[in-house]
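Chemist: here you go, sequence then predicted model.
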Amino acid sequence: MLNHIWFWMIIASLFIAGINDIRNSSNPVKPDTTEEVAKAEKKESLNEKTYLGKVTSGAINAAELGVKIAIGLIGVMAMWLGIMKVAEEAGMIKKLGHLVRPITKRLFPSIPEDHPAIGSMIMNIAANMLGLSNAATPLGLKAMEELQKLNPEKDTASNDMITFLVINTSAITLIPASAIAIRASLGSASPQAIIVPAIMSATVATIVGLIVVKTLHHFNAKKIEKKNS
Amino acid sequence: MEIFKTLIDWLSLLAIPVMILVFIGYGYLKKVRVYEVFVEGAKEGFDVGVKIIPYLVAMLMAIGMFRASGALDFLTWAVSPITNLIGMAPELLPMALMRPLSGSGSLGVMTELMNTHGVDSLIGFTASTMYGSTETTFYVVAVYFGAVGIRKTRYAITAGLMADAAGLITAVLISQLMF
């Protein structure tokens, strides 16, 4: 699926950028005064003016950004992996997993009891709810590592990984802090008014996501059964 | 509402210090050689960061091109007849389409919408609810699967986007009801 989406996003970008450029060049916006003409000529190179130029720099800037984000993650990642390792050696992650077993048994039926994946996932979800993004990503990646240990096919996503991912992408955040901060800065009469509707929407997203995932797991299992029989 | 927010704010503030205290403290009491074990765990941090680079570059490149090409305007035009059916203002469509693609991009669209239509207008309110209703699916898929070297993501994107759509539509409907 991702192969198709990725390919079509890139092709659509190039195609639409090309069409936009052709449309712009066939009826260019005529500057009115001589002053504007001079300004337009001086200010914009072809790279900034055309959509294809923007797409090119968009791709290159994004590639640089990808490395920046990944490198920026190394510090907090190392910190949380260190703390989690201490907690694991002390037996805390297992205890935590045991505590939430009644809930996670249904969501992740194939994870053995007491597996450290459960504890890591719960901590990631809790960090997400509290809006602690600096902790949530490292804890989530730790959970993915644990799930990968249980995964028989190392280059293919397991059912449990997809379930975990969907819970994450529809993350319920108790306080959508950045949205509230911007609302407050723009002078909203009640910046926090979005808290309850946002929680409700995210809950619907999570429930729908889980239903979709469980249905797809089910059909997938049947398909494999058929193949084997 | 005010009390709830203060409570959560304090909980968020205390969560990390308490977690560090409890984990390291409990480890120490259990006679774990805390410093040595911490270092051993932390050394994997670098590998994870390096491992996600190719995945993140691939994903962000496609998204960066898509955003720069003006494709979003085209998609807005194509999808608007459907969203008109639930009474969603066409101004909100770029927000909905941007949300799963880019966190900073959708934050920008949200701010822009609140600036032009007013923070406390229906559009401003809905945009900020939409922002809080889901996460950046494409980014999460790239980083989480990238960290463990998974290339075949199966139906993860499909499920993630369907969850996003459900959350965004709910945000629109609830905002309309509350107004």
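Modeler: That came in fine, so what should we check first?

Chemist: residue ranges with poor pLDDT in chain B?
Modeler: B:1 (pLDDT under 70).

Chemist: for the most centrally placed residue in it, which residues are in contact?
Modeler: What sits nearest the mean C-alpha location of chain B, by C-alpha atoms, centre = their mean, is B:E135, with 2.3 Å. B:E135 is in contact with A:N168, A:T169, A:S170, A:A171, B:G103, counting by C-beta atoms under 8 Å, 6 or more residues apart in numbering or on different chains. C-betas here are computed from N, CA, C, even on glycine.

Chemist: is it fair to say A:I194 lies in a helix?
Modeler: Yes - per DSSP: H, G, I helix; E, B strand; the rest coil, A:I194 lies within a helix segment.

Chemist: any bit of stretch B:38-56 sitting next to chain A?
Modeler: Yes - applying C-beta under 8 Å from any C-beta of the partner chain, one finds stretch B:38-56 touching chain A at B:38-46, B:48-50, B:52-53, B:56.

Chemist: care to break chain A down by domain?
Modeler: A:75-169, A:172-223 (automatic domain parsing).

Chemist: most tightly packed of the ones you listed?
Modeler: Ranked by mean neighbour count, these are led by domain A:75-169 with a mean of 20 (mean count of other C-beta atoms under 10 Å in any protein chain shown).

Chemist: leaving out sequence neighbours, find the closest residue to residue 57.
Modeler: All of this is about chain A. A:N47 (6.6 Å; C-beta to C-beta, 6 or more residues apart in numbering or on different chains).

Chemist: try again with chain B
Modeler: Nearest to B:V57 is A:G66, by C-beta to C-beta, 6+ apart, at 3.8 Å.

Chemist: which residues touch that neighbour?
Modeler: Going by C-beta under 8 Å, 6+ apart, the list of residues near A:G66 reads B:I53, B:L56, B:V57, B:M59, B:L60, B:M61.

Chemist: ok, residue 49 - how many residues close by?
Modeler: No chain in the question, so chain A it is. When neighbours are counted by other C-beta atoms under 10 Å in any protein chain shown, A:K49 registers 15.

Chemist: oops, wrong one, chain B.
Modeler: 23.

Chemist: and it, how far from B:Y55?
Modeler: Going from B:G49 to B:Y55 by C-beta to C-beta, to the nearest Å gives 12 Å.

Chemist: mind naming the longest helix for chain A?
Modeler: Secondary structure assigned by DSSP state H gives helix A:51-89 as the longest helix of chain A.

Chemist: follow-up on the earlier one: save the domains of chain A as TSV, and put in mean pLDDT too.
Modeler: Below are the domains of chain A laid out as TSV (pLDDT from 0 to 100):
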stretch	mean pLDDT
domain A:75-169	92
domain A:172-223	92
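
Chemist: turn the ones you listed into JSON lines, including distance to chain B.
Modeler: As requested, the domains of chain A are exported to JSON lines (distance: least, C-beta to the nearest C-beta, whole Å):
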{"stretch": "domain A:75-169", "distance to chain B": "3"}
{"stretch": "domain A:172-223", "distance to chain B": "3"}
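
Chemist: for these, which one sits closest to B:L13?
Modeler: When these are compared by C-beta to C-beta, domain A:75-169 sits nearest B:L13, at 9.4 Å.

Chemist: so whichever helix or strand B:S12 is part of versus helix A:51-89, what angle?
Modeler: Per DSSP states H and E: B:S12 is located in helix B:2-29. Regarding helix B:2-29 and helix A:51-89, their directions subtend 50 degrees when assessed with axes from the mean of the first three to the mean of the last three C-alpha atoms, to 10 degrees.

Chemist: understood, closing this out.
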